[in-house]
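A.B. asks: Mind looking at a prediction? Sequence and model below.
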Amino acid sequence: MTMSYPTLFFPLQLRHKTLKNRIVFGARTVNMSHEGIPAPRHFGYYRERARGGAAMIVVEPSPAHRTGVLIRGNFLAESDEVIPHFRKITDECHDHGTVMVHQIFHVGGHGDQDNSWQPYWSPSGLPSMHDPCGSHAMTDAEIEKLIEAFVQAARRDRDAGFDGVDLFAGYNCIIDQFWSPITNKRTDRWGGSLENRLRFGVRIVEGIRKMAGADFIIGMTISGAKKYPGGLSLEDKQEIVSWLDQRGLVDDCSVGTGSYLNQFSKIVPSFHFGMFLGRDDAAAIKEVVSHAKVTAEARIKTPSNAEEVLSAGKSDLDSIVRGQIADPHLANKASQGRAEDIRPCISCNQICIGRRLRDYYVSCLINPSVSREHEWDGDTVRPAERQKHVLLVGGGPAGMEAARVAAERGHRVRLVERTRELGGQFRLASGQPERGEIGAYLTWLQTQLTKLQVKVELGKDMTADDIRESGADEVILCTGSVPSRSGYQRPFPHQERLPGADLPNVHTIQDILDGSVDPGTNVLLLDDINGWWPASGTAIHLARQRHMVTALTASEKAAAQLDISLTGDTTRERFAKYGVEVILASALESWDGRTARIVNLYTGDVEERDFDSLVMALTNEREDRLTRELHEDTQLSVHAIGDTVQARTASMAIYEARSLAMGM
């Protein structure tokens, strides 16, 4: 135990295993498998969290049965071929003192036929919440077959060296579907009374216990109340868990939030949700158990958060997933009294769940080592063979990360930024409503630069001659990008400039966010980036300042780009709350300083509407003056990264910075 976290680092007995602390790296599908086999990416990913001090790792789920396959990256269902590959992971993680558990799931009626090529087995044959399809009401024989499939999945996990399994019994997936009267309409021995509705899950647990014996953890992931009439209330969930606990069936209950039936975005909650989202549900479950341990999930993202929940007696363990994605050494740093060195997750969802929802393996916006641990040997960097003088021009996220990594490798680093603050446009983004967690990351970077003795110069505009005279061995240009003021719109690729873009009351989102402009009361926001954060976040920012905001987009859906990070629905909710109007499938034909000519892209119809100001959310233009001026200079080793190469996202800037600095 440590003085700062007396409960968090106190050991805990879980079945036959002693956990060295209370930090769990919970299950999260990372989509890294190769043809259903745990791949080298998996090995590096889980090894690094074990190296980092997690007491228990719950490896992402395998489908119990072929009818439960949900995504391309799922591990093979019903195949012993996975056993030796999992064994490599469990053996390695055990060497670091980590207890290893594997999740088994089946999504029931919410399947994906394009991946499974199977019907969706469910209790009662209701419509899927995943797609427009229906589901197949299982026969009695099929239920028995699925129970045995769960037991055999657990047998494979035991043979692969796992210390136990976690049964996916939340979010209205198969076990939860049997529990809930909303999705279980059966009148046979599997439906009706509570005991009947619990029978499916109980039979799975009993089968696993008989197969695996006493020295095997059986946990369940559950979720809290459903917010619609007839759904399982929190009191209903307490009754279910109490029933299971009285019979000693389950060793651990991990309590999450959200559901396929409502608020899917709460399953992986973004910064739109407050801290400690899952704390109270976990506390309610803990009230009714005497045998099972309770793990709290959902927006408990830091060691301090976890200590607060644990010390208040609201949980026995805390699952910090995205926090340990962002910094796999979170546990060790906290135990060593180095909390300020923990890279803070910004809860953006863009490159973790956002990449997974686009069928890529997950990574992390602020930590590009995620998914590359097997290539980069984890999240640490090796000392350089020779110390160099490295000059970085530009103090946005690319410049700060490159400076941090280069200095950590032992180089002498100088970082020059022409403004009076580090952070670039990422700092502007942190000023949008509810996005303050970005600021915590920028503060972390500045702390690391100070500790590493990086020489930072603010308010200095470097010229090409300054760079030539700097004496640097390596020059990294991170000058970023600038807002476009052309009014160029993708629906009108033939039109380089919007008529009226040069008028005085035309502004960029950067003008708004840096406070240099206060637009008129009635604002038209031209969104040519499909609702991406610069547009949607600024619309909310203006609306909260009591401007009337109309967003104009060629997209067919408001905040469409944000759906991939599970923040689209919560953004549209805020649009409704603050009165943001969205005109869809349309573009701006012209602006005369007051009147906007808006054209419907389907019909060609033109509508004229009056506004006080026009604010443009467009793709930025790269700031590459120094790159061009130094392009043919053979006396310098010059590199360009981030937006100075092309305007894009912070994740690419940070990745390029880390990758380049590691090779210097």
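C.D. replies: Perfect, I can see it now.
A.B. asks: From the centre of the protein outward, give me the first residue you hit.
C.D. replies: The centroid of the chain falls nearest to Asn349 when counting by Cα atoms, centre = their mean (3.0 Å).
A.B. asks: Show me the shaky parts of the stretch 201-350 of the chain.
C.D. replies: When residues are selected by pLDDT under 70, none of them lie in the stretch 201-350 of the chain.
A.B. asks: Okay, strands next: where are they in it?
C.D. replies: Assigned by DSSP state E, counting those that start in this stretch, the stretch 201-350 of the chain shows strands spanning 217-223, 252-256, 293-296, 317-319.
A.B. asks: Show me what the shortest one is in contact with.
C.D. replies: With Cβ atoms under 8 Å, 6 or more residues apart in numbering as the test, strand 317-319 has contacts from 8, 12, 19, 22-26, 55-56, 58, 252, 254, 293-297, 300, 305-306, 309-310. Quick note: C-beta positions are derived from backbone N, CA and C, even for glycine.
A.B. asks: how does it look with 6 Å?
C.D. replies: Residues outside strand 317-319 that contact it (Cβ atoms under 6 Å, 6 or more residues apart in numbering): Arg22, Val24, Gly26, Thr295, Ala296, Glu297, Ile300, Ala306, Val309.
A.B. asks: May I have the distance across stretch 229-236, first residue to last?
C.D. replies: By Cα to Cα, to the nearest Å, the extent of stretch 229-236 from end to end equals 13 Å.
A.B. asks: For it, buried residues please.
C.D. replies: Gly231, Leu232, Asp236 (16 or more other Cβ atoms under 10 Å).
A.B. asks: swap in stretch 198-212?
C.D. replies: Buried, per 16+ other Cβ under 10 Å, within stretch 198-212: Leu198, Arg199, Phe200, Gly201, Val202, Arg203, Ile204, Val205, Gly207, Ile208, Arg209, Ala212.
A.B. asks: Quickly note the distance from the closest residue to Leu552 other than its chain neighbours to Leu542.
C.D. replies: For Leu552, ignoring the flanking residues on the chain, the nearest one in space by Cβ to Cβ, 6 or more residues apart in numbering is Ile583 at 4.8 Å. Per Cβ to Cβ, to the nearest Å, Ile583 is found 16 Å from Leu542.
A.B. asks: For Ala653, give me its contacts.
C.D. replies: Ala653 touches Pro397, Ala398, Gly642, counting by Cβ under 6 Å, 6+ apart.
A.B. asks: any idea how far Thr447 is from it?
C.D. replies: Per Cβ to Cβ, Ala653 is found 20 Å from Thr447.
A.B. asks: What of Ala429?
C.D. replies: From Ala429 across to Thr447, the span is 20 Å (Cβ to Cβ).
A.B. asks: Neighbour count for these two, which is higher?
C.D. replies: Taking neighbours as other Cβ atoms under 10 Å, Ala429 and Thr447 compare with Ala429 leading, 23 against 13.
A.B. asks: how far away is that one from Ser536?
C.D. replies: Note on Ala429: its distance to Ser536, by Cβ to Cβ, is 11 Å.
A.B. asks: now Ser651
C.D. replies: Ser651 is 18 Å from Ser536, by Cβ to Cβ.
A.B. asks: circling back: between Ile583 and Leu542, point out the one with more neighbours.
C.D. replies: The residue with more neighbours, out of Ile583 and Leu542, is Leu542; 24 against 20, by other Cβ under 10 Å.
A.B. asks: where does the residue nearest to Gly191 when sequence neighbours are not counted land on pLDDT?
C.D. replies: With sequence-adjacent residues excluded and distances taken as Cβ to Cβ, 6+ apart, Gly191 is closest to Asn184, at 5.0 Å. Listed pLDDT for Asn184 reads 96.
A.B. asks: Asn184 reaches Phe178, doesn't it?
C.D. replies: Yes. Look at Asn184 against Phe178 with Cβ atoms under 6 Å: they come within range, at 5.3 Å.
A.B. asks: between the two, who's got more neighbours?
C.D. replies: For Asn184 versus Phe178, neighbours defined as other Cβ under 10 Å are more numerous around Phe178 (26 against 20).
A.B. asks: Can you give me every residue that contacts the more buried one?
C.D. replies: Counted by Cβ under 6 Å, 6+ apart, Phe178 has contacts Pro123, Asn184, Arg197, Phe200.
A.B. asks: picking up where we left off before, now the contacts of strand 317-319 in JSON lines, with neighbour count and distance to Gly248?
C.D. replies: As requested, the contacts of strand 317-319 are exported to JSON lines (neighbours: other Cβ atoms under 10 Å; distance: Cβ to Cβ, whole Å):
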{"residue": "Arg22", "neighbour count": "28", "distance to Gly248": "22"}
{"residue": "Val24", "neighbour count": "28", "distance to Gly248": "21"}
{"residue": "Gly26", "neighbour count": "26", "distance to Gly248": "23"}
{"residue": "Thr295", "neighbour count": "29", "distance to Gly248": "18"}
{"residue": "Ala296", "neighbour count": "33", "distance to Gly248": "22"}
{"residue": "Glu297", "neighbour count": "28", "distance to Gly248": "23"}
{"residue": "Ile300", "neighbour count": "28", "distance to Gly248": "27"}
{"residue": "Ala306", "neighbour count": "28", "distance to Gly248": "27"}
{"residue": "Val309", "neighbour count": "25", "distance to Gly248": "25"}
